[in-house]
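**Q** what shape does this take:
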Amino acid sequence: MEEVAKLLKALLLLELNGAQAAAEREGRTPKFELLLADAGLSAVEIAQMLGKSSGAVSKAISRGRAARRGAADIPGIQGDQFNEDQQ
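**A** As a prediction, this is how the structure comes out:
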């Protein structure tokens, strides 16, 4: 089972790298912290994947959730739609 987890993590990292490269080509700054946190990963795990400090990841998650809550207060904007627009 541990081998499966390692393979899934490797696939996730490949997808993240591809998405990050695509976003950079388009001139965007990708924010994957909230997506990964919503998937159940801890700030420490996310930090290791993204090469960031766990404090920076925690802050990004906190800000992303606050932005999502704020977007929910705006009529006509769904939280998921807001997150897609921000990526």
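
**Q** in this protein, which spans are helices?
**A** 2-25, 33-38, 43-50, 54-72, 79-86 (DSSP state H).

**Q** low-confidence stretches in this protein?
**A** Within the chain, the ranges that satisfy pLDDT under 70 run 72-87.

**Q** tell me how it divides into domains.
**A** Split into domains by automatic domain parsing, the chain comes to 1-30, 32-76.

**Q** pull out the buried positions in the shortest one.
**A** Neighbour counts over domain 1-30 (16 or more other CB atoms under 10 Å) mark 16, 30 as buried. Every C-beta, even on glycine, is put in place using the N, C-alpha and C of the backbone.

**Q** ok, and the closest non-adjacent residue to the residue nearest to the spatial centre of the chain?
**A** A centroid search over the chain (CA atoms, centre = their mean) returns residue 32, at 1.9 Å, as the residue closest to the centre. Here the nearest residue to residue 32 in space, its sequence neighbours aside, is residue 16; by CB to CB, 6 or more residues apart in numbering that works out to 6.0 Å.

**Q** now the one you found: how far from residue 30?
**A** In this structure, residue 16 and residue 30 are separated by 8 Å, where distance is defined by CB to CB, to the nearest Å.

**Q** what does residue 2 give?
**A** Distance check for residue 2 against residue 30: by CB to CB, it reads 29 Å.

**Q** what sits against residue 45?
**A** For residue 45, the contact set (CB atoms under 8 Å, 6 or more residues apart in numbering) comprises residue 36.

**Q** mind running it again at 10 Å?
**A** Contact criterion CB atoms under 10 Å, 6 or more residues apart in numbering gives 9, 36-37, 54, 57 as the residues in contact with residue 45.
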